[in-house]
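Chemist: Okay, predicted coordinates and the sequence, questions at the end:
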Amino acid sequence: MSLAAIENDAPAPAPTLTRSFCALGLLAIQGASIGLAGWFLRSHDKLTSYIGSNALAPGIRQKMLLTMLVCALVAAGTAAGIWIRRRAAGGLDVIERASRRLAPLCLAAVIPLLFHWQLWVGSAREMTYLVMVGAFALALQALTRVALETAPVLPAHWRARIDAVRARVAARLDRMPWLPLAIVGVAVIGYSAYFSIVTIQNHIRLGTAGYDLGIENNLVWNAAHFNAPLFKTSVIGGPQSTHIGYHETYISYLIGLPYRLAPYPESLLALQATLIGGAALPLYAFARRHIGAWLACLVALMCVFYPPLHGSNLYDFHYLPFAPILLWSVLWLVEARRDRMAVVAVILTLANREDMSALLMVVGIYLILTGERPRAGIALTIVGGVYFVAVKLILMPHFLHGHSAYINQYQDLLPEGDKGFGGVLKTVFGNPGYTVTTLLESEKAAYLLQIMAPLAFFAWRRPIGLLCTLPGFFFTLLATRYPPLNEISFQYTAYWTAFLFIAVVANLAWLKRAEREAAHAPDAAVALPHARASRRAWVVAMAAATLVTSYQMGLFFQQNTAWGGFSPFRVGVTKAEWNRYSDLHSLIKMIPPSASVAASEMLVAQVSSRKNAYTLRIGIFDADYILIRFPMGGDERNLVNDALRTGAYGLQAEKGEFILFRRGAPRETADAFLRRIGA
């Protein structure tokens, strides 16, 4: 090290041999990666066996390795030639900068694999895929930051032309301040329309069930007609059954007002898709205040393509997926000091579901910790806490004889003698060793990767991200013996979605503030490029990870690997399925609107727009009609056979796979059916 370097407290330049080795080596890796990517693209049909079992003919494997070697030598050799030719003019500096500017190309070989959905089908392969995506996202962030921190390679006159074009584009965009919001609006409309169509198609294919679409549709129908008791839904247990001890969904009465104009389960599916997709609008409004319009637009688009958001939309109808649009509206309105509208948003949030009160507390704590209206944050925390204790811990157990609804989902964390969620918290805080043991499951690790990898783990960039993962941790990862809480094909992903994007915006705003501070620092020439590169690198990593995972696990780009609930989700309706649906509804038209119906579990959602509809998985009760899909099995078969043997029901009509029985129809028609099935 020279004396001047020591005096200036700056490291001496690396030796020429070290610099050349690093630059040429990095270029060789990039060339080999590009060569392997090209081989993967050309050998698309061989990849399933190659990646799955390393099966590849020796000759082909040698060609693949030779391709990588040739591409590596070409990249390094070309750079060496430039260095030799321009040695006196700083040739080494040029290839050194070129190698760093092209650093993200080191990941080229991974990209064809990540966009080959057939490679990752099956639970074991899914974990491999998720680990690869996580590593890809983090490596891309690091390599992109290296590239952005490096001085440009292009000649000055070329850079001037590029800068001029960039300036003209920026000037034109400045004249269209409405464009970012318009893009988000188009994305919201596209999402809402697409997911409305595909979920209604699933309903037409008879892919919706009594649990849960039948329950919720019957509840909203009764709410729309103000039928007693409160939250009446006959599907779960008979003509007087109610949801009041299970969920407090007061918003169903508000939904019931427009529902009366189109009282069908399809209306709820369309409403759900609209509210889930529409969440991107308050997210954009919240983000714009902190990170600017265009970056807010990108964050909103990442939300639209976020795979766990899709999963929450594909399984029947639920209120929990409304959490993002409600909570983001509260956050935006509170920060914007639109207090009257914020109060309305808070009321709607609490009316949506009882556990929304706990989520509202997290929003309040976020406002306190970030210094964004801490007094309002305290008010939200108190309101949410009081509501949670009063409703979730006192009122609801009262209707279930002291038990908490769905506490079975956390059974292994429940101490002996406890019957409520408070007991679960006793274990979590009082016995962390046992709690961690229940968390160490491969299914939960895969689930956490599915949630976090699409955003490149960026929510955990700062401690605020830990706050934003608490709801997901408590409501999903703590679950024992209840797999749906650890799968992205169910509504429970809303516990994560609602808060991870808040953390993303908060962290981007922090990086933006760091960038402004770097611009005024004494060493701004060094600090500013580093801060700017860090922010942009994270944006690139998140956008890329969202795109990759949305392709594999979402529903927009390909429809072969998305799941809805317990089953793979399929898009479209075949002619046979249309005919089957027509057969079913030709029988449903024979049922008077005021009549009660007991139907097969996968049919009851179709007839649930009435006062009393029952699922045959529970009972027939006082049903005027029985609607079945033939053949039957299990408990449904036994229930129907017993009812027909009483002579109370006879055959009303039969069409295709479906049979309709009516109370009071000639008994001999039922006897003929029983003889036909050998009962």
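Modeler: In hand now; what should we look at? Numbers count the residues shown, from 1 in each chain.
Chemist: Straight-line length of stretch 45-57, end to end?
Modeler: 14 Å (C-alpha to C-alpha, to the nearest Å).
Chemist: Can you point out the buried residues in it?
Modeler: For stretch 45-57, the buried set under the neighbour-count rule, 16 or more other C-beta atoms under 10 Å, comprises 46-47, 50-52, 56. All C-beta spots, glycine's among them, are computed from the backbone N, C-alpha and C.
Chemist: Residue nearest the middle of the chain, spatially speaking?
Modeler: For the chain, the residue whose C-alpha lies nearest the mean C-alpha position (C-alpha atoms, centre = their mean) is residue 308; its distance is 1.5 Å.
Chemist: Distance-wise, check that residue relative to residue 267.
Modeler: When distances are taken as C-beta to C-beta, to the nearest Å, residue 308 and residue 267 turn out to be 25 Å apart.
Chemist: With residue 563 instead?
Modeler: According to C-beta to C-beta, residue 563 and residue 267 sit 24 Å apart.
Chemist: Settle it for me: which of those two has more neighbours?
Modeler: Using other C-beta atoms under 10 Å as the criterion, residue 563 and residue 267 rank with residue 267 on top: 21 against 18.
Chemist: Near residue 656, how many residues? Count them for me, please.
Modeler: Residue 656 sits with 15 neighbouring residues when counted by other C-beta under 10 Å.
Chemist: wait, residue 527
Modeler: If you count neighbours by other C-beta under 10 Å, residue 527 ends up with 17.
Chemist: what helices or strands is the helix or strand where it lies leaning on?
Modeler: According to DSSP states H and E, residue 527 maps onto helix 524-553. Using 3 or more C-beta pairs under 8 Å, 6 or more residues apart in numbering; DSSP states H and E as the contact criterion, the neighbours of helix 524-553 among helices and strands are helix 110-114, helix 123-149, helix 293-305, helix 307-311, helix 494-519.
Chemist: Does residue 518 touch residue 528 like I think?
Modeler: Yes - in this structure, residue 518 is within contact of residue 528 by C-beta atoms under 8 Å, at 4.5 Å.
Chemist: Could you chop this structure up by domain?
Modeler: Per automatic domain parsing, the structural domains of the chain span 3-114, 575-677.
Chemist: so can I have CSV of these showing mean pLDDT and distance to residue 230?
Modeler: Formatted as CSV, the entries for those read as follows, by pLDDT from 0 to 100; distance: least, C-beta to C-beta, whole Å:
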stretch, mean pLDDT, distance to residue 230
domain 3-114, 86, 50
domain 575-677, 94, 15
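Chemist: Would you tell me which one of those domains is buried the most?
Modeler: Ranked by average neighbour count under the criterion mean count of other C-beta atoms under 10 Å, these are headed by domain 575-677 at a mean of 18.
Chemist: Ends of that domain, what's the gap?
Modeler: 28 Å.
Chemist: In contact with the residue lying closest to residue 488 once chain neighbours are set aside: list those residues for me.
Modeler: Counting by C-beta to C-beta, 6 or more residues apart in numbering, the nearest residue to residue 488 once its immediate chain neighbours are dropped is residue 311, at 4.0 Å. Each residue near residue 311 by C-beta atoms under 8 Å, 6 or more residues apart in numbering is listed here: 487-490, 493, 553, 562-564.
Chemist: Just the ones of those residues in helices?
Modeler: Helix and strand membership here follows DSSP state H; of the contacts of residue 311, those in helices are residue 553.
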